[in-house]
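**Student:** give the three-dimensional model of this entry:
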Amino acid sequence: MILTESAPYQEPTEIVKEKLEEQGWTLETTYVTDIILPNQAVSRGEYDVNYFQHLAYLNQFNQDNDTEVEPIFSVFYARAGVFSLTVDSLEDLPDGAQVSVPVDTSNNGRALALLADAGVIEVDESKKPTELSQRDITANPKNLEFIEVDQQSLAQTLPDVDAAFGFVRLVAEAGYDTEDTALVLESDPAVELPFTNGIAANADFRDTEAAQVLQEAYQSEEIAEWFADYQGGVLDYTEEITIDNSADTWSDYTAD
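**Tutor:** Model (predicted):
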């Protein structure tokens, strides 16, 4: 397995390793901070699975790189929002305010969609949130300037911009009070599936015994409890996607 070197990926995986060892399985892990390598490595067969991304990012990666990695089962949904250290509401953003947003396509559109839903900008409503870009902004009355940065660095930009889109988890990990700094948080159930994180692999891995034992370990009471305790529950543990329904879920999602 190749996965992100951060708490919501690393710590549950260490619990899973112990659970699997008790059953006679060995889970070998490689921790990285790169968001390109894990899908490349799985696609090439260097690793069986990865754990670092949501469905929207995986879909975009496959389109951009001609890969066919698929979600196997879900682990958590990472809620996002817009945060600020300088203003108390989106209405208070000054003209020409700088707002940091993710550079990758799927999360960039997610940020723009959230700002549009909040009435700060207007966007082309014919496009899905995961497909939006700055080219699709149809009205920007506050003349916001969007600063595109790596998704993992968004929380670190907060002292330097008027507002930043970010994952609640990363803002909390950066030491900021998410309730005090949040200007708006995602609340649309429609975004939960695209931005659900889980285990991904090549499609033929889905039918293996190894996939089954991995799902049982990750979708277990111990893992659910870990997420409930982590940073006051800023991540939503989910068993919505399973080995049994993931192929159909992925087919339906990518067909939209």
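**Student:** next SSE after the longest strand belonging to the chain?
**Tutor:** Longest strand in the chain by number of residues (criterion: DSSP state E): strand 69-78. Following strand 69-78 in sequence order, the next helix or strand is strand 80-83 (DSSP states H and E).
**Student:** quick one: residues in contact with that following strand.
**Tutor:** 90, 99, 107, 110-111, 114-115, 118, 155, 158, 163-168, 171, 176, 178, 181-186, 195 (CB atoms under 8 Å, 6 or more residues apart in numbering). For the C-beta atoms, the positions are set from N, CA and C on the backbone; glycine is no exception.
**Student:** the same query, at a cut-off of 6 Å, please.
**Tutor:** Contact with strand 80-83 is made by A163, A164, F165, G166, F167, V171, T181, A182, L183, V184, L185, E186, as judged by CB atoms under 6 Å, 6 or more residues apart in numbering.
**Student:** ok, it: who's next to it in the sheet?
**Tutor:** Here strand 80-83 is paired, per DSSP bridges, with strand 163-167 (antiparallel), strand 182-185 (antiparallel).
**Student:** now the helix or strand following the first one - C-alpha only, PDB.
**Tutor:** In this case it means strand 163-167. The first helix or strand that comes after strand 163-167 along the chain, using DSSP H and E, is helix 168-173. C-alpha atoms of helix 168-173 as PDB (Å, rounded to 0.1, in the frame of the first residue of the first chain):
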ATOM      1  CA  VAL A 168     -11.500  21.300   7.800                       C
ATOM      2  CA  ARG A 169      -9.100  18.600   8.800                       C
ATOM      3  CA  LEU A 170      -6.000  20.500   7.500                       C
ATOM      4  CA  VAL A 171      -7.100  23.800   9.000                       C
ATOM      5  CA  ALA A 172      -7.500  22.100  12.400                       C
ATOM      6  CA  GLU A 173      -4.100  20.300  12.000                       C
END
